[in-house]
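Engineer: Got a predicted model here, sequence first, then my questions.
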Amino acid sequence: MSRDIVGMGAVASIGSTPEEIFDSLCAGRTGLAGLRAFDTTKYRAKRAYEIDDRARPGADEPGRATRWLKAAVGRALADAGHPGDLADVPVLVGTTLQEQRSAELWWKEGTPLDTAGLHFGTALRETFGATRTYTFANACAASLYALAMATDLIEAGEADTVVVAGTDALGESAFGTLDRVQNDVPEALRPFDRSHKGMLMGEGAVAVVVRRAAAPGQRVYARLRAVGVNCDAHHPTAPDPAGITRVLRDAYRRAGVGPEDIDLVMLHGSGTPKNDTTEAGVLSALFEPGAGPLMTAVKSMTGHTLGGSGLLSLVMAVLATRRGTVPPVLGLTDPVPEAAGLRLVRHQAAAARIGIAQVDAFGFGGINAVAILEAAR
Amino acid sequence: MRRDGHDGTAGTERADGRRAAAREVVVTGAGLAVPGLTLPDELLGAVREGGFDPHTGLTGREMRHKDRGSRLALRATEPALRDAGLYGEDGFGGDGDTTAVLVSSNFGILDSVCAFTDIIARDTVTGLSPLGLPQTSSNVTAGSVAMRHGLRGPNITLCNGPTSGLDAVYWARGVIAAGRAETAVVIGVEPAGDAVTKLLGAPVLDGAVALVLESRTGAEARGARARATVGGYARAADRAAAVAAVTSGRAAGPPGLWLTEGDGSPAPGQGPVPGAAAFDLQARLGPCAGALGVLQCAAAVAHFDAGRDGAVLATAGGAGDDAVAALLLTGPRG
């Protein structure tokens, strides 16, 4: 049973609305820039895909993830023609780091920190009157996990409208530990290219309004067929092909589709050698070589926006269905061998009629989520 | 605010338009790793010698390189699985593919995060241990539990403020009712540390609690004994609204036990719960944060195990919080 997506909002390094971000992707505009958040002398990696909105350049500030979340939710509600009072509307927020950066600034610099601000319900209550709010800290699969649970709420008759969102700002313990662990220092996030050296983080927030069924005359952006979720139970940080294969099968089964029905795959594509070879390997086993769906990876221009990244990919997939255009994977010139049979969009945006799209999101802890989306025409 | 379906027995609208009875969800096991305690009845006042000691209880091969929250969670999970009859000599005896893990923790990795920023400031990132990477994401504990026992179903971490533990139980019921899992392990955990103590002004629980939830039909099919039934839940603007949402229209009379925060005396606008004895687990355990709601459910299991009368109402959150959650638990037969 499909659900209607009737409103969307997003902010990222390359745009402050879904349309701006999509236009940037199609034009090959990257958000990559020198690292602004931290003292670069402390890190090997010197670049990231940040939102350049700090009041004083070079001085980080608390509360940015919350600020973008409110902006994205507000935009999605306005887009859906919703009056903005969420007293009876569940809001499900997926995040990797919550307001971890605010906690770091409290610890290091003594900026005030209210425990109530560590989960997003407090801001959502203040701004939208929402009380059925949930902060899911589900790593980089978080916002698609939240989307799965939103479909369950609607299915169970507990809600007709649900707002699903994701948000993350750079945090130095996460950025620094990743920097420490990666063998090489990436200059850019280059998914599926032989030159990929690892992941670089990005910032952003995203929100969608999902309804059981759109109101008469209401615009339907796309229909959500289903979301599958699971866990590898295999490794703390590395992906597992068996787990990813299982979640794909689960998503297809729930959506009532097969691999042959998929026209577009929004790849997780985090640019780490492990992710890229694993994801490409699983998909190569699933789709006919050279004849499968088109594929793209938005992280090549937004960086890895962590908890919100899956939902941001989904919103970009919605716009791909409406515009008949698929953005390219920026910087992809020489695909890894595992991706040889995959139809990765390269160099420039591709024109295509997209009926069904698949959206991948995989996270630390071995958690996987895959959404299946259908164009609304 | 809205009441969720009919005391946990919400009908589910199927694709064919038929309304099938959704699955009733029961608790079949509970386990603790709480300093000084051994079994859930001690939450309600039973006294035993000994009890869990985090100084000695968090060692062993399977604990190596794990963060404190994961260690505590693993220590609580095994007795909960054992209590549910799902753990034997060969380890976990259930179906890993259909078992979900839900973890509630508000401050689980705060100390790691703060410690890492200190190391970066002092030594640059080269001073960090690569083994710390999983601890920068709050879902590290849920991942550790899943890996330890091979639990490959939905894996969900809630960091949702004072209501977080009750919220996790609600979502555990949700993934079972939706057919995403047959069984769910629900864990509430709050490891202690300098940063958490500084933030809260007092040491946090430094412990964990685990529950095993499954559908009543699933429990019956494998001959497991239901210990409590997960009933209505609401997350609402204030306590009165949340309590009213889960208790109004019940024919069974007032709850026998009200697990709440503070002394349970009604704050202005919060509304009393007539007829129910109020009990605050935190009076003895100190701040339980994200573990509170799960501890309340473990206490409810002890209440029903002892054959005590009346349903158990659990509330978490209060005036000044973004919401209050209420969950009603009824006896083994619902």
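Structural biologist: Ah, there it is. Numbers count the residues shown, from 1 in each chain, chains lettered A, B, ... in the order given.
Engineer: Tell me where chain B is predicted with low confidence.
Structural biologist: Within chain B, the segments meeting pLDDT under 70 span B:1-22, B:263-275.
Engineer: tell me the helices in it, going along the chain?
Structural biologist: Ranges of helices in chain B, per DSSP state H, are B:54-57, B:68-83, B:110-123, B:140-149, B:164-177, B:194-200, B:216-221, B:239-247, B:282-285, B:292-305.
Engineer: Can you spell out which helices and strands pack onto the second one?
Structural biologist: Counting contacts by 3 or more CB pairs under 8 Å, 6 or more residues apart in numbering or on different chains; DSSP states H and E, the secondary-structure elements packed against helix B:68-83 are strand B:25-33, helix B:140-149, strand B:183-190, strand B:207-215. In this view, the C-beta of every residue, glycine as well, is placed from N, C-alpha and C.
Engineer: residues of it that come out buried?
Structural biologist: B:68-81, B:83 (16 or more other CB atoms under 10 Å in any protein chain shown).
Engineer: Quick one: low-confidence residue ranges for chain A.
Structural biologist: Within chain A, no stretch has pLDDT under 70.
Engineer: Excluding chain neighbours, give the residue nearest to the residue in it that chain B sits nearest to in space.
Structural biologist: For chain A and chain B, the shortest gap (CB to the nearest CB) falls at A:Gly365, measuring 2.8 Å. Counting by CB to CB, 6 or more residues apart in numbering or on different chains, B:Gly143 is the residue found nearest to A:Gly365 once chain neighbours are left out, at 2.8 Å.
Engineer: thought the one you found was touching A:Ile367?
Structural biologist: Yes: taking CB atoms under 8 Å as the definition, B:Gly143 is a contact partner of A:Ile367 at 7.2 Å.
Engineer: which of these two has more neighbours?
Structural biologist: More crowded of B:Gly143 and A:Ile367, by other CB atoms under 10 Å in any protein chain shown: A:Ile367, with 32 against 29.
Engineer: Help me confirm that that one comes into contact with A:His234.
Structural biologist: No: between A:Ile367 and A:His234 there is no contact under CB under 8 Å: 10.9 Å.
Engineer: rewinding a little: most tightly surrounded among the helices and strands packed on helix B:68-83?
Structural biologist: Mean neighbours per residue, mean count of other CB atoms under 10 Å in any protein chain shown, is largest over the helices and strands packed on helix B:68-83 for strand B:183-190, with a mean of 32.
Engineer: Around chain B, pick out the residues from the stretch 201-350 of chain A.
Structural biologist: When proximity is defined by CB under 8 Å from any CB of the partner chain, the stretch 201-350 of chain A lies next to chain B at A:229-237, A:243, A:246.
Engineer: Just the ones of those in helices?
Structural biologist: A:243, A:246.
Engineer: contacting residues for residue 284?
Structural biologist: You didn't pick a chain, so chain A it is. Counting by CB atoms under 8 Å, 6 or more residues apart in numbering or on different chains, A:Ser284 touches A:338-342.
Engineer: not quite, I wanted chain B
Structural biologist: Residues near B:Arg284 by CB under 8 Å, 6+ apart: none.
Engineer: how far away is it from B:Glu261?
Structural biologist: Separation of B:Arg284 from B:Glu261 (CB to CB, to the nearest Å): 13 Å.
Engineer: on that earlier part again, how about JSON lines for the helices and strands packed on helix B:68-83, with distance to B:Glu49 added?
Structural biologist: Output for the helices and strands packed on helix B:68-83, formatted as JSON lines (distance: least, CB to CB, whole Å):
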{"stretch": "strand B:25-33", "distance to B:Glu49": "15"}
{"stretch": "helix B:140-149", "distance to B:Glu49": "29"}
{"stretch": "strand B:183-190", "distance to B:Glu49": "25"}
{"stretch": "strand B:207-215", "distance to B:Glu49": "18"}
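Engineer: and of the ones you listed, who's closest to A:His347?
Structural biologist: The closest of the helices and strands packed on helix B:68-83 to A:His347 is helix B:140-149. By CB to CB, the value is 37.6 Å.
Engineer: by how many degrees do the closest one and strand B:207-215 diverge?
Structural biologist: 60 degrees (axes from the mean of the first three to the mean of the last three CA atoms, to 10 degrees).
Engineer: Show me what from the stretch 151-300 of chain B comes close to chain A.
Structural biologist: Within the stretch 151-300 of chain B, the positions near chain A by CB under 8 Å from any CB are B:151-161, B:164, B:167, B:171, B:174-175, B:177-178, B:180, B:195, B:199-200, B:235-237.
Engineer: Tell me the buried residues within the residues you listed.
Structural biologist: If you count burial by 16+ other CB under 10 Å, the buried members of these come out as B:151-161, B:164, B:167, B:171, B:174-175, B:177-178, B:180, B:195, B:199-200, B:235-237.
Engineer: How about the contacts made by the spatially closest residue to B:Val204 that is not a sequence neighbour?
Structural biologist: Nearest-residue entry for B:Val204: B:Glu190, 4.6 Å, with adjacent residues in sequence omitted and distances by CB to CB, 6+ apart. Applying CB under 8 Å, 6+ apart, one finds that B:Glu190 lies in contact with B:69, B:105-108, B:196, B:204-208, B:287-291.
Engineer: let's see 10 Å
Structural biologist: For B:Glu190, the contacting residues are B:68-69, B:72, B:104-108, B:110, B:164-165, B:196, B:200, B:203-209, B:285-292, by CB atoms under 10 Å, 6 or more residues apart in numbering or on different chains.
Engineer: do the same with B:Pro134
Structural biologist: For B:Pro134, the contact set (CB under 10 Å, 6+ apart) comprises A:139, A:177, A:235-237, A:364-365, B:65-67, B:70, B:109, B:112, B:140-141, B:143-144.
Engineer: ok so, going back, which neighbours do B:Gly143 and A:Ile367 have in common?
Structural biologist: Listed as contacting both B:Gly143 and A:Ile367 by CB under 10 Å, 6+ apart are A:139, A:231-233, B:101, B:137, B:155, B:157.
Engineer: now for those residues, which pair is the farthest apart?
Structural biologist: The largest separation in these, counting by CB to CB, is between A:Ala233 and B:Ser137 at 16.1 Å.
Engineer: Spell out whether the host helix or strand of A:Asp4 and chain B are in contact.
Structural biologist: Element membership of A:Asp4 [criterion: DSSP states H and E] is strand A:3-12. No: Strand A:3-12 lies apart from chain B when judged by CB under 10 Å from any CB of the partner chain; the minimum separation is 12.1 Å.
Engineer: The helix or strand following that strand packs against which elements?
Structural biologist: The helix or strand immediately downstream of strand A:3-12 is helix A:18-27, counting by DSSP H and E. Contact here means 3 or more CB pairs under 10 Å, 6 or more residues apart in numbering or on different chains; DSSP states H and E; on that basis helix A:18-27 packs against strand A:3-12, helix A:64-79, strand A:204-211, helix A:299-302, helix A:309-323, strand A:325-326.
Engineer: I am finished for the moment; much appreciated.
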